[in-house]
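1. Mind looking at a prediction? Sequence and model below.
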There are 2 protein chains.
Amino acid sequence: MATDMPSGQPGSRRVDTGRISLNVRERGAGPLMLFFHGITSNSAVFTPLMARLSDRFTTIAVDQRGHGLSDKPETGYEANDYAEDIAALIRTLDRGPAILVGHSLGARNSVTAAAKYPNLVRSVVAIDFTPYIEVEALDALEARVNAGSQLFDNLGAVEAYLAGRYVNIPAAAIRIRAESGYQAVDGGLRPLASPTAMAQTAKGLRADLVPAYRDVTKPVLIVRGEASKLVSAAALEKTSRLRPDLPVVVVPGADHYVNEVSPEITLRAITNFIDA
Amino acid sequence: MATDMPSGQPGSRRVDTGRISLNVRERGAGPLMLFFHGITSNSAVFTPLMARLSDRFTTIAVDQRGHGLSDKPETGYEANDYAEDIAALIRTLDRGPAILVGHSLGARNSVTAAAKYPNLVRSVVAIDFTPYIEVEALDALEARVNAGSQLFDNLGAVEAYLAGRYVNIPAAAIRIRAESGYQAVDGGLRPLASPTAMAQTAKGLRADLVPAYRDVTKPVLIVRGEASKLVSAAALEKTSRLRPDLPVVVVPGADHYVNEVSPEITLRAITNFIDA
């Protein structure tokens, strides 16, 4: 499928992990720090964070399966499928153990991978995805995800749509999503993310995440947006009861899209965790 | 004064920092991890944590000025006095930057030292002392501190007193406090901690801690006992507003004496922070 895709942005390349070929963006040198985006998104959303961290880390942001310019198999969008991709990528890069920074779907996948493959993971920054998310919040997420598969006239129409969907994300970050997440098709622009992959992935987010959080032995920083409509204060509270030893950062004013809405606090939260 | 003191416990020795001579307990090898106790206490309270961390760290617990077997000058018990001692100790040990683990007074002193001397400090675990502690909580602390200067008939009387003062601390940890914190005098046992030093130190805890927390650039893990009567949920909340980028751990069921009441969660919180 990759040959039908637009050419990768500067710094991006495909990595054949053996089980799947993933598109990644790489910048910098140092210990390995991998970034995993949320559902329907892609690696480009981490560009601003990578710019700030690449002086000290080999920062690699990944288009996860079904997203961006990576392979999009017809099926296989459960937590375990994504986590096995992470493990295969770290093995292929051969520079682990890796620091994993994940947002939403990416956080779920990162914690799942860390629980299953502790030797490949140094630590996890898990942004706004925990166990105990209420069914209503997952229903709303699934509806938003499935509504995103549209034909847009042009980039302006994409930006207008995204600005309405992500009301707190600043214009510059909306532009990154618009420019990186769509492809030219007959009649306009369509999301790069595969609609069938997104539908399966959204369903997969409903699976019980308690075992992974309960069992993970590597350090996990739990980050929540104070105004998140996905991770409620109650869900975070229950997660902290499950794992009181895991440090927590709650970002004031941020909604679910913490790293795009509050990149500066996200950056400092990451470095306060990694540099301790 | 030190010559009047009972001989140090196994593993303890005095370090002349140039500005003050401090009694310390040392165990293990690896990166430097220093421990600073709360008011009226001493280095022995960290023995259980040190036993678990000394396979990977050079763990050194310190009798802070006025406490235990360290020097007890007549005056000089403000935050800055204690913080300068920490800086002088790290310089004397010549193995910094150090990880600082502080409880209560020790947390206040550690954050103060980290803010003033970032090059000497790698990170801080600040257990149950934050800015914004309510005046009533500090009043109660000061009353408890000043009531501790008593003559006890014997060790059993000390243990009974401590068990009543620290109702959630397990018997084994009470015993450590009793055996390490008192000296034989005519008629019985008295606290090693200097009463005048304790009174001054308690008053010094009222000084504004906002500047140190606001300015500190090194990673600080804020640990609070969920049932702490010193650091209220509101004080922690305000502290997180001041520094939303600092990770937080709230230990379920623990009161102010987090590391003695919940040593296992404290240990895992420390390693999750340090190993990230």
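-> That came through fine.
2. Which residues of the stretch 151-276 of chain A lie near chain B?
-> A:218-221, A:240-241, A:244-252, A:265, A:268-269, A:271-276 (C-beta under 8 Å from any C-beta of the partner chain). C-beta here means a position set from N, CA and C on the backbone, and glycine is covered the same way.
3. of the residues you listed, buried ones?
-> The neighbour-count test (16 or more other C-beta atoms under 10 Å in any protein chain shown) applied to those identifies A:218-221, A:240, A:244-251, A:265, A:268-269, A:271-274, A:276 as buried.
4. Which ones among these lie within strands?
-> The strands, defined by DSSP state E, take in A:220-221, A:248-251 from these.
5. so where does the closest residue to chain B within the stretch 51-200 of chain A fall, helix or strand?
-> Taking C-beta to the nearest C-beta as the measure, the point where the stretch 51-200 of chain A comes nearest chain B is residue A:123, at 4.0 Å. In the assignment (DSSP states H and E), residue A:123 maps to strand A:121-127.
6. got a list of contacts for that strand?
-> A:31, A:90, A:96-104, A:106-108, A:110-111, A:113-114, A:216, A:218-223, A:258-259, A:266, A:269-270, A:273-274, B:275-276 (C-beta atoms under 8 Å, 6 or more residues apart in numbering or on different chains).
7. Make a ChimeraX selection of the buried ones in these.
-> Restricted to buried positions by 16+ other C-beta under 10 Å, the ChimeraX selection for the contacts of strand A:121-127 reads:
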select /A:90,96,97,98,99,100,101,102,103,104,106,107,108,110,111,113,114,216,218,219,220,221,222,223,258,259,266,269,270,273,274 /B:276
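8. Of the contacts of strand A:121-127, which belong to helices?
-> A:90, A:106-108, A:110-111, A:113-114, A:258-259, A:266, A:269-270, A:273-274 (DSSP state H).
9. Quick check: the farthest pair among the residues you listed?
-> The largest separation in those, counting by C-beta to C-beta, is between A:90 and A:258 at 24.0 Å.
10. And the helices in the stretch 101-250 of chain A?
-> Per DSSP state H, counting those that start in this stretch, the stretch 101-250 of chain A carries helices over the ranges A:105-116, A:135-147, A:155-165, A:171-180, A:195-204, A:210-215, A:233-242.
11. Tell me which of these sits most buried.
-> helix A:105-116 (a mean of 28; mean count of other C-beta atoms under 10 Å in any protein chain shown).
12. what is the rounded mean pLDDT of it?
-> What helix A:105-116 shows for mean pLDDT is 98.
13. And for stretch A:251-270?
-> Here the average pLDDT along stretch A:251-270 is 98.
14. what sits against the closest residue to residue A:166 other than its chain neighbours?
-> Using C-beta to C-beta, 6 or more residues apart in numbering or on different chains and skipping the chain neighbours, the partner closest in space to residue A:166 is residue A:257 (5.8 Å). Contacts for residue A:257 (C-beta under 8 Å, 6+ apart) come out as A:38, A:103, A:128, A:166, A:168-169, A:225.
15. Now with 10 Å, please.
-> A:38, A:41, A:45, A:103-104, A:127-128, A:166-169, A:173, A:177, A:225, A:228, A:230 (C-beta atoms under 10 Å, 6 or more residues apart in numbering or on different chains).
16. can you check residue A:244 too?
-> Contacts of residue A:244 by C-beta under 10 Å, 6+ apart are B:226, B:249-254, B:262, B:265, B:268-269.
17. I'd guess residue A:47 is in a helix, am I close?
-> Yes. Counting by DSSP: H, G, I helix; E, B strand; the rest coil, residue A:47 is located in a helix.
18. What about it, how many residues nearby?
-> Using other C-beta atoms under 10 Å in any protein chain shown, the number of residues around residue A:47 comes to 18.
19. same thing with residue A:225?
-> 24.
20. Likewise for the one 5 residues further on?
-> Other residues near residue A:230 number 22, with proximity taken as other C-beta under 10 Å.
21. how close does it get to chain B?
-> 19 Å (C-beta to the nearest C-beta, to the nearest Å).
22. Let me see the contact set for the residue lying closest to that residue once chain neighbours are set aside.
-> Spatial nearest neighbour of residue A:230, chain neighbours left out: residue A:256 (4.7 Å); criterion: C-beta to C-beta, 6+ apart. Contact analysis of residue A:256 by C-beta under 10 Å, 6+ apart lists A:38, A:103-104, A:127-129, A:137, A:141, A:166, A:168-169, A:224-225, A:227-231.
23. what stretches of chain A score poorly on pLDDT?
-> Scanning chain A for pLDDT under 70 picks out A:1-10.
24. can you do 80?
-> Of all residues in chain A, those with pLDDT under 80 make up the ranges A:1-11.
25. correct me, but residue A:192 touches residue A:63?
-> Yes. Assessed by C-beta atoms under 10 Å, residue A:192 is found in contact with residue A:63 at 8.2 Å.
26. residues shared between the contacts of those two?
-> Joint contacts of residue A:192 and residue A:63 (C-beta under 10 Å, 6+ apart) are A:5, A:23, A:41-42, A:69-70, A:72, A:180-181.
27. Tell me which of these fall in helices.
-> Per DSSP H, those map to helices at residue A:180.
28. Buried ones among the shared contacts of residue A:192 and residue A:63?
-> A:5, A:23, A:41-42, A:69-70, A:72, A:180-181.
29. Nearest to residue B:18 among those?
-> residue A:41 (55.8 Å).
30. Now do the same contact list for that closest one.
-> Counted by C-beta under 10 Å, 6+ apart, residue A:41 has contacts A:63-64, A:67-68, A:103-106, A:176-177, A:180-181, A:191-193, A:257, A:260.
31. who in the stretch 1-150 of chain A is up against chain B?
-> A:99, A:122-125 (C-beta under 10 Å from any C-beta of the partner chain).
32. How far does stretch A:50-58 stretch from one end to the other?
-> Length of stretch A:50-58, first residue to last, C-alpha to C-alpha, to the nearest Å: 9 Å.
33. Give me the distance between that stretch and the centre of its chain.
-> Here stretch A:50-58 is found 18 Å from its chain centre; the criterion is C-alpha atoms, centre = their mean, to the nearest Å.
34. about what we covered before: any chance of a markdown table for the helices of the stretch 101-250 of chain A, columns distance to residue B:52?
-> Output for the helices of the stretch 101-250 of chain A, formatted as a markdown table (distance: least, C-beta to C-beta, whole Å):
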| stretch | distance to residue B:52 |
| --- | --- |
| helix A:105-116 | 22 |
| helix A:135-147 | 39 |
| helix A:155-165 | 48 |
| helix A:171-180 | 43 |
| helix A:195-204 | 38 |
| helix A:210-215 | 21 |
| helix A:233-242 | 22 |
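35. out of the ones you listed, nearest to residue B:83?
-> helix A:233-242 (31.1 Å).
36. who's in contact with the closest residue to residue A:18 other than its chain neighbours?
-> Taking C-beta to C-beta, 6+ apart, and ignoring the residues beside it in sequence, residue A:18 has residue A:88 as its nearest neighbour in space, at 5.9 Å. In this structure, residue A:88 makes contact with A:15-20, A:22, A:113, A:117, A:120, judged by C-beta under 10 Å, 6+ apart.
37. so what's the backbone phi/psi at residue A:88?
-> phi -60, psi -40 (degrees, to the nearest 10).
38. before we move on, the earlier item: please list the members of the contacts of residue A:256 that lie in strands.
-> A:103, A:127, A:224-225.
39. can you tell me which of the residues you listed lies nearest to residue B:235?
-> Relative to residue B:235, the closest of those is residue A:224; by C-beta to C-beta it sits at 20.2 Å.
40. Let me know the distance separating that closest one from residue A:105.
-> 16 Å (C-beta to C-beta, to the nearest Å).
41. Likewise for residue A:275?
-> 27 Å.
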